[in-house]
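*Asks:* Turn this into a model:
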Amino acid sequence: MPLYAGPILSGWAGHPLATLPVFALAFLLFIAASRRPDLSDPAGIAGLAIMAAVQFVLVAVCFGGGALVARFAGPLAAPLWLPIVMTALAAVVGALRYSENAEMNVFLDSAIEELEAMKDGRAADWAEVHPESSPDVQAAVDKTVAALRGLPANANVAMIDSIVQDLEQQTDVAGFDPFYDAAGMVDGVEDRRVDLGLLRFVASPYIRRRLVERGEGGIAPMLMLNASDPGVRSEARSLLATLIDEGAPNAQLPDPVWLDELNAEFPGEGYDEIARQRRDRISA
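*Replies:* Below is the predicted model of the structure:
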């Protein structure tokens with residue numbers, strides 16, 4: 001959040017437009033450190049150029065949002081250096097935290113693919129690929145999450161499956177996005193019942209196939225690979241193994257380097273074998 005808060009605060013405070021390239025550079029450093037494009041390859045250079053363009057657009061949007069707030073709420077009294085320092089620190093911390101994080105790679109691959117499609121006049125319909133959740137879908141997901149949280153803390157998969165299967169019948173794949181938002185670390189707390197619920201929702205062959213078609217086949221298990229609960233990690237690895245066996249695209253699967261780091265953090269849980277499979281797929 002501080003990464004984006006910097007240009008928002010700067011726009012709100014009415015700082016000069018000359019600050020925009022500074023924010024864009026911080027955004028780009030964060031993304032480049034996370035993505036690590038191969039600058040010896042023309043495709044890597046082109047990718048970095050696209051990243052730079054995306055970051056400048058993001059900065060401009062954030063700055064404009066802050067300026068819009070200033071029109072209605074009045075300008076914010078903030079020194080010129082404060083937003084810049086916030087964004088710079090957030091970029092450094094974020095790069096260290098998410099370096100080699102495969103979920104970030106999946107997001108960037110998807111963003112670059114969409115930009116290239118726009119350039120070629122092949123832009124996908126965003127509403128079709130990533131539809132906004134309708135009130136009915138959101139309500140169904142909220143009901144599902146409440147039901148999961150009402151289970152015993154040590155609820156097993158069989159108890160969870162009956163709940164998420166009902167959600168699939170009610171919402172189809174549209175339930176995934178709000179369900180994903182409710183899982184993982186929320187307000188500093190993980191709930192194994194909700195996390196297992198998301199993984200079991202994606203374990204449905206139909207839902208899994210639809211997510212792969214959307215380019216998001218691996219993001220649910222990758223969210224849970226470093227979960228604090230061993231059972232959640234196990235379920236995430238199982239789902240990931242299924243995606244690998246089914247031939248999910250490499251861009252939707254975790255980076256072997258990250259899997260090596262997870263193997264060091266959770267030795268003996270099988271991350272080394274998944275890393276080996278990923279390297280075999282990549283080199284094939």
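
*Asks:* tell me which helix or strand of this structure sits lowest on mean pLDDT?
*Replies:* Least confident helix or strand, the chain: helix 126-129 with a mean of 49, by mean pLDDT, DSSP states H and E.

*Asks:* Residue 254: neighbour count?
*Replies:* Neighbour count for residue 254, taken as other C-beta atoms under 10 Å: 27. To be clear about C-beta, it is placed using only N, CA and C from the backbone, and glycine gets the same treatment.

*Asks:* so it sits in a helix?
*Replies:* No: per DSSP: H, G, I helix; E, B strand; the rest coil, residue 254 lies outside any helix segment and is coil.

*Asks:* shouldn't it be in contact with residue 243?
*Replies:* No: contact status for residue 254 versus residue 243: not in contact, 10.0 Å apart, counting by C-beta atoms under 8 Å.

*Asks:* quick one: common contacting residues for these two?
*Replies:* Common neighbours of residue 254 and residue 243 (criterion: C-beta atoms under 8 Å, 6 or more residues apart in numbering): residue 218.

*Asks:* now the stretch 51-200 of the chain, which segments are flagged as low pLDDT?
*Replies:* The model of the stretch 51-200 of the chain has pLDDT under 70 over residues 94-132.

*Asks:* let's see 80
*Replies:* Within the stretch 51-200 of the chain, the stretches with pLDDT under 80 are 51-56, 76, 78, 80, 90-133, 187.

*Asks:* can you give me the strands in it?
*Replies:* For the stretch 51-200 of the chain, applying DSSP state E, counting those that start in this stretch gives no strands.

*Asks:* all helices for it, in order.
*Replies:* Listed in chain order, the helices of the stretch 51-200 of the chain (DSSP state H, counting those that start in this stretch) span 81-98, 102-119, 126-129, 135-149, 157-171, 176-182, 192-203.

*Asks:* just checking, what packs against the helix or strand harbouring residue 274?
*Replies:* Per DSSP states H and E, residue 274 falls inside helix 271-283. Here helix 271-283 touches helix 230-245, helix 256-265, going by 3 or more C-beta pairs under 8 Å, 6 or more residues apart in numbering; DSSP states H and E.

*Asks:* Mind checking the pLDDT average for it?
*Replies:* Helix 271-283 comes out with an average pLDDT of 91.
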